[in-house]
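Kindly generate the corresponding structure for this input.
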Amino acid sequence: MYRIMIADDEGIAIESFTYMIREEFENNCIIESAKTGRSVIELAERFRPDIALMDIRMPGINGIDAIKEIRKRNPGIIFIIISAYDKFGYAKDALSLEVMEYLNKPVDKNVFIETIRKAMMKVDSEREKRTRELAVLEKMEAVTPILENGFVYNLLFQDYSGENIENYKNLLDIDTNYGYMIALEFGDVQEDGNLSNVVGASVRLQTMSRDLRDIVKSYISGMVGSIMANRIAIFVPYKKKSGDTSYGEKDERNELNYNERLEIIDLTRNMVRRLDSQMDAVFRAGIGTVRPLSEQMISYNEALECISLGSGPVAHSGDLAVGCEYEDNYPVDSERAIFEGVRKGEEVTTISAANHFFDWMVDDYDNYTDDIKLKTLEFVLRAESIAYGISGETYRFRSREDYLKFINGVNNYEDLRKWFTSKLAEACHDVKCRKENRSNGIIDRAKEYIMNNYRKDISLDDVSREVDISPYYFSKLFKEATGDNFIEYLTNIRIDKAKELLDNTNLSMKEICVQVGYSNPNYFSRIFKKNVGVTPTEYKA
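Model (predicted):
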């Protein structure tokens, strides 16, 4: 059904246009008309037509000005001007207003009908486009909570690679590497600072999770995680005003200033009040500090500590002095880069950051040798602790028996620097070797299993179960190691074996098909041709 508005000061013109439309399109149109500029503007606001036929010369407001006014509130209307005034100025104005057609009176019936039909096709096209957009929006509404929950989970439990985080950022339109966590906690009744019946409240709110999420999103522009026990983690991206810094620059974390902190506290407080009134539970919230994505677990723990220390329903870590503060020129980014580099086994990054940190100690505290030695030892022990936890190396109680002796006996900073960087390099090497050795062992076992079982109907799940890691992680690891995904690798082996049998035996095509793991000869032939360029029969010939 199409809504068509006719604007003309001549009643006979309105009747003529109405007759031609009804004769051609029968009952597919709803038609209303107006005879003055003002009345057509009012009609457009009430009737909201799909197509508007406009005369230029009408009493009061002319057709061009009426179109301009209507466009402000109804930009999607398709306008067709039908006028006895064939003037360049009017035509130029019509073009600027994106009028679809400019017809001159008296208009030919065939031209008129084709113009209406063309306008209807544009209406149909726009409706189809809108339907597709709504379908995409509907799908995104279903997918976005899953993506947000996955992103928050990865941030909290650091179960991610840089590639995964970038994928999440792209999908969720996050353009910063900083943010802070809000911890939302709930229960039935608050007694002596504790929430009662947290299990019952958690079960009850699981059924209302969508409503809960909608309320949170109406106050906080963040990524909402799923309900875990009686808590929800919310990540709020924060764009640093001075730009993200690297470890080679002075750290400027741009914590929320007073006004920003006050704003987020007020929003969170209003959110908690609304949740209390609509979710049949008592809520409390803590807000952590702004940190890099890799440190969101720290921000979340700060938020949880705010809940336990705060006396009200909402508390911010900046108000409660939760977390560690550093002196103004302390190179926090360098420290962060050192231990992030160790965790990833990236020796170059780690040593570069370590040298920058060591330079800072010598430049600012040259006369405090014992403090520099102590900090150096602290960082080495911390790096080794990280490496032990990741690399799988065996910890030996007396493996550091000469550390204190060296630290106490070293007489110059350059020897201390060499020891410092060499120990960090060893930690990185242990992490990297462990990762590579484990990966290589997994891939070797997988290849052996595939080679021994390619004749069978094996799947990615079968191989990942054989090497005892998840299918998702195995798929990623296998692709990185071989350059092929599992199906490509298996297919290549089967095709190579088929070529060997075609070259060296007189087996039938059906027999060869079965020998290399295919049950359908036609499918085998198609796969063979796709990979080799010819069919098995042509290859044999």
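
which residues does F157 contact?
M297 (Cβ atoms under 8 Å, 6 or more residues apart in numbering). Quick note: C-beta positions are derived from backbone N, CA and C, even for glycine.

Compute the distance between it and Q296, please.
10 Å (Cβ to Cβ, to the nearest Å).

do L195 as well
Taken as Cβ to Cβ, the span from L195 to Q296 is 24 Å.

immediately after the lengthiest helix in the chain, which helix or strand?
Taking DSSP state H as the criterion, the chain has its longest helix at helix 109-157. With elements assigned by DSSP states H and E, the helix or strand that comes after helix 109-157 is helix 162-172.

Figure out how far stretch 101-115 is from the centre of its chain.
51 Å (Cα atoms, centre = their mean, to the nearest Å).

Endpoint to endpoint, it covers what distance?
7 Å (Cα to Cα, to the nearest Å).

which intervals of the stretch 401-541 of the chain have sub-threshold pLDDT?
Where the stretch 401-541 of the chain drops to pLDDT under 70, the residues are 435-438.

Okay, now the unreliable bits of the chain?
For the chain (pLDDT under 70), the answer is 86-96, 137-138, 140-141, 158-163, 190-193, 240-255, 310-311, 321-324, 391-393, 435-438.

report the longest strand in it, please.
strand 178-187 (DSSP state E).

Paired strands for that one, with orientation please.
strand 231-237 (antiparallel), strand 282-287 (antiparallel), strand 291-292 (antiparallel) (DSSP bridges).

Now do the buried residues in stretch 187-201.
Of all the residues in stretch 187-201, those buried under the rule 16 or more other Cβ atoms under 10 Å are 187-188, 195, 198, 201.

I misspoke; the intended subject was stretch 464-472.
464, 466-467, 469.

out of the residues you listed, what pair is the most spread apart?
E466 and I469 (9.7 Å; Cβ to Cβ).

Run a quick neighbour tally on N485.
14 (other Cβ atoms under 10 Å).

Name all residues that make contact with it.
So, once contact is read as Cβ under 8 Å, 6+ apart, N485 ends up touching 475, 478-479.

quick one, phi psi at it?
phi -80, psi 170 (degrees, to the nearest 10).

Can you tell me how far it is from P471?
Distance from N485 to P471, by Cβ to Cβ: 12 Å.

How about I67, nearest residue that isn't a chain neighbour?
Of all residues not flanking I67 in the chain, L97 sits nearest, at 5.3 Å (Cβ to Cβ, 6 or more residues apart in numbering).

mind listing the strands for the protein?
So, for the chain - with DSSP E - the strands run 2-7, 29-34, 51-54, 78-83, 101-104, 178-187, 190-191, 194-195, 223-228, 231-237, 282-287, 291-292, 314-316.

ok, the last one: who's next to it in the sheet?
With DSSP bridges as the criterion, the sheet partners recorded for strand 314-316 are strand 282-287 (parallel).

And for the fifth one?
When sheet partners are counted by DSSP bridges, strand 101-104 sits next to strand 78-83 (parallel).

Report the backbone C-alpha coordinates of the strand it pairs with in CSV.
Extracted in CSV, the C-alpha atoms of strand 78-83 (Å, rounded to 0.1, in the frame of the first residue of the first chain):
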residue,chain,number,x,y,z
ILE,A,78,9.6,11.1,-2.8
PHE,A,79,8.6,14.4,-4.5
ILE,A,80,7.3,14.8,-8.0
ILE,A,81,6.7,18.4,-9.2
ILE,A,82,3.9,18.8,-11.8
SER,A,83,3.6,22.4,-12.8
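
That one: how far from the chain's middle?
Centre to centre, stretch against its chain (Cα atoms, centre = their mean), the figure for strand 78-83 is 45 Å.

Tell me what angle that strand forms with strand 2-7.
With axes from the mean of the first three to the mean of the last three Cα atoms, to 10 degrees defining the directions, strand 78-83 sits at 30 degrees from strand 2-7.

quick one: buried residues of strand 78-83?
78-83.

about what we covered before: could the strands of the chain be laid out in JSON lines, adding distance to L502?
JSON lines is the format used below for these (distance: least, Cβ to Cβ, whole Å):
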{"stretch": "strand 2-7", "distance to L502": "64"}
{"stretch": "strand 29-34", "distance to L502": "68"}
{"stretch": "strand 51-54", "distance to L502": "67"}
{"stretch": "strand 78-83", "distance to L502": "64"}
{"stretch": "strand 101-104", "distance to L502": "67"}
{"stretch": "strand 178-187", "distance to L502": "59"}
{"stretch": "strand 190-191", "distance to L502": "77"}
{"stretch": "strand 194-195", "distance to L502": "72"}
{"stretch": "strand 223-228", "distance to L502": "54"}
{"stretch": "strand 231-237", "distance to L502": "57"}
{"stretch": "strand 282-287", "distance to L502": "68"}
{"stretch": "strand 291-292", "distance to L502": "57"}
{"stretch": "strand 314-316", "distance to L502": "72"}
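
wait, which of the ones you listed is closest to Y413?
strand 291-292 (29.6 Å).

Need the contact partners of that closest one.
177-180, 253, 298-299, 336.

can you check stretch 406-418 too?
355, 358, 362, 372-373, 376-377, 419.
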